[in-house]
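A.B. asks: Okay, predicted coordinates and the sequence, questions at the end:
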Amino acid sequence: MNDSAAQSQQQATGEVHLHQLDGVLRIEFIGDWTQSARIKDKPDVSVILQRSVAMQKVRFETDQLHCWDSRLPAYLMPLLKALQTQKINVDTGNLPSGVQALLALAMAVPERGDTGKASQPVGLLSQLGISVISTIANAKLLLTFIGETQIAFWQFFRGRARVRAADFFLCLQAAGPEALPIVTLISLLVGLILAFVGAIQLALFGAQIFIADLVGLGTVREMGALMTAVIMSGRTGAAYAAQLGTMQVNQEIDAIKTMGISATEFLVLPRISALVLMMPLLCLYANVIGILGGALVTVSAFDVSLIQYFNETVKAVHLPDFMIGLFKSAVFALLIATAGCMRGMQCGRSASAVGDATTAAVVDSIVYIVIADSVITLICDQLGI
């Protein structure tokens with residue numbers, strides 16, 4: 001047994017011999033080229049390259065090669081790349097067919113980051129062009145999604161949309177009752193802040209009673225709808241993008257399309273409808289909580305009774321003010337749901353793409369909200385309402 005083991009250990013060796021014959025550098029592989037073998041006198045790539053430059057031709061010899069594994073291609077890969085860089089003629093015809101196939105496959109795939117293009121700085125004009133192209137592409141995607149959504153709603157009104165009532169009620173619950181705690185907290189704090197900001201200036205003139213006007217009009221016309229929209233964009237809009245993006249990664253949306261069901265009707269329609277229906281109610285609730293927050297500050301910190309605060313609020317706030325806030329909230333809901341669902345449906349196929357889609361949905365929602373709020377406010381100002 002000891003003699004056999006010693007003989008086996010002696011056979012598990014490999015060598016590399018370099019020969020120059022007829023103007024050709026011959027690289028001869030001898031013995032076993034496996035992971036467990038001991039390679040003796042293995043010349044470095046730089047040494048072989050130095051001798052190859054003078055010959056300008058290299059040939060591999062494997063007549064005395066016994067067995068090999070991944071160790072042999074791993075040794076040949078950097079050598080072949082170095083020889084190709086120096087434009088030296090290499091003859092690999094004598095290598096085993098398996099080694100040749102592995103080398104061909106490895107050489108066919110370029111290494112990442114080896115082109116050097118990523119390190120080149122991008123000029124200002126190029127950055128501007130990339131931004132313009134990206135904006136145009138996003139605009140096309142948005143218009144396409146809006147068109148598909150309109151077709152889905154038309155199918156729904158015709159009674160032909162493939163949508164489940166259970167999905168709609170689940171979205172209704174997620175966009176409505178489950179959002180009440182965070183809406184309550186933020187609206188109360190916004191009312192408190194508005195009251196404190198107004199009280200600092202109004203108290204100088206002894207006009208603390210007009211804090212009710214400031215809080216009431218500011219909350220009903222602007223802050224109630226705006227803060228509710230910001231909350232829902234980070235909560236519900238991001239959830240829509242994450243849900244649909246995950247379904248895109250798991251190929252669930254592809255399965256729905258394969259069954260002949262419109263993904264826009266089945267997935268997007270209930271989400272947009274639920275948010276558009278619930279946002280005005282949340283806005284109305286946020287208005288009440290904001291006014292109560294202002295009353296809490298005014299009554300507790302200033303010489304104003306609760307009855308006086310309530311009467312002044314009724315005198316200052318009218319029905320058109322409520323309607324403007326509710327109209328804004330409905331528009332904001334449509335924009336939030338559109339941004340979230342669009343980014344989710346257009347999500348990539350990787351886990352990181354879900355995070356990117358969620359981030360893009362929140363950013364798009366806030367941008368749409370601010371633009372829409374500015375436009376509606378300017379229109380109301382021009383109309384005198």
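C.D. replies: Thanks, I have it.
A.B. asks: And residue 177, how far from residue 169?
C.D. replies: Going from residue 177 to residue 169 by CB to CB, to the nearest Å gives 11 Å. The C-beta positions use only the backbone N, C-alpha and C, and glycine is treated the same way.
A.B. asks: tell me the helices in the stretch 51-200 of the chain, going along the chain?
C.D. replies: Taking DSSP state H, counting those that start in this stretch, the helices of the stretch 51-200 of the chain run over residues 71-85, 97-108, 124-157, 165-175, 180-202.
A.B. asks: Can you check what angle separates the strand or helix carrying residue 360 from helix 124-157?
C.D. replies: Per DSSP states H and E, residue 360 falls inside helix 351-383. Put simply, helix 351-383 runs at 80 degrees to helix 124-157, going by axes from the mean of the first three to the mean of the last three CA atoms, to 10 degrees.
A.B. asks: since we're on residue 248, how many residues are nearby?
C.D. replies: Using other CB atoms under 10 Å, residue 248 has 21 neighbouring residues.
A.B. asks: quick one, what contacts the closest residue to it other than its chain neighbours?
C.D. replies: Nearest residue to residue 248, sequence neighbours excluded (CB to CB, 6 or more residues apart in numbering): residue 347, at 4.4 Å. Going by CB atoms under 8 Å, 6 or more residues apart in numbering, residue 347 touches 241, 244, 245, 248, 249, 353, 354, 356, 357.
A.B. asks: can you redo the residues you listed as a markdown table with pLDDT and distance to residue 364?
C.D. replies: Compiled in a markdown table, the contacts of residue 347 are given as follows (pLDDT from 0 to 100; distance: CB to CB, whole Å):
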| residue | pLDDT | distance to residue 364 |
| --- | --- | --- |
| 241 | 92 | 9 |
| 244 | 92 | 14 |
| 245 | 91 | 14 |
| 248 | 89 | 17 |
| 249 | 88 | 20 |
| 353 | 87 | 16 |
| 354 | 90 | 16 |
| 356 | 89 | 12 |
| 357 | 90 | 10 |
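A.B. asks: one step back: show me what the helix holding residue 360 is packed up against.
C.D. replies: Applying 3 or more CB pairs under 8 Å, 6 or more residues apart in numbering; DSSP states H and E, we find helix 351-383 packed against helix 224-232, helix 238-249, helix 319-345.
A.B. asks: For residue 56, find the nearest of these.
C.D. replies: Closest approach to residue 56 among those (CB to CB): helix 238-249, 52.3 Å.
A.B. asks: following the closest one, which helix or strand shows up next?
C.D. replies: Taking DSSP H and E as the definition, the helix or strand right after helix 238-249 is helix 252-258.
A.B. asks: Mean confidence (pLDDT) on that next one, please.
C.D. replies: Mean per-residue pLDDT for helix 252-258: 88.
A.B. asks: Stretch 167-182 too?
C.D. replies: Here the average pLDDT along stretch 167-182 is 91.
A.B. asks: coming back round to it: among the contacts of residue 347, which pair sits farthest apart?
C.D. replies: 244 and 356 (13.2 Å).
A.B. asks: When the two are compared, which one has more neighbours?
C.D. replies: Counted by other CB under 10 Å, residue 244 and residue 356 do not tie: residue 244 has more neighbours, with 27 against 15.
A.B. asks: you'd agree the more buried one is up against residue 345?
C.D. replies: Yes. Between residue 244 and residue 345 there is a contact at 5.5 Å, judged by CB atoms under 8 Å.
A.B. asks: where do the contact lists of those two overlap?
C.D. replies: 253, 267, 268.
A.B. asks: which one of those has the most neighbours?
C.D. replies: Neighbour counts for these peak at residue 268, which has 26 neighbours (criterion: other CB under 10 Å).
A.B. asks: which residues does that one contact?
C.D. replies: Counting by CB under 8 Å, 6+ apart, residue 268 has contacts 148, 149, 152, 244, 341, 345.
A.B. asks: Distance-wise, check it relative to residue 337.
C.D. replies: 8 Å.
A.B. asks: Likewise for residue 89?
C.D. replies: From residue 89 over to residue 337 (counting by CB to CB), the distance is 65 Å.
A.B. asks: Where do the domain boundaries of the protein fall?
C.D. replies: Taking automatic domain parsing as the domain assignment, the ranges for the chain are 2-108, 135-383.
A.B. asks: Next, format those as CSV and append distance to residue 128.
C.D. replies: Shown next, in CSV, are the domains of the chain (distance: least, CB to CB, whole Å):
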stretch, distance to residue 128
domain 2-108, 37
domain 135-383, 11
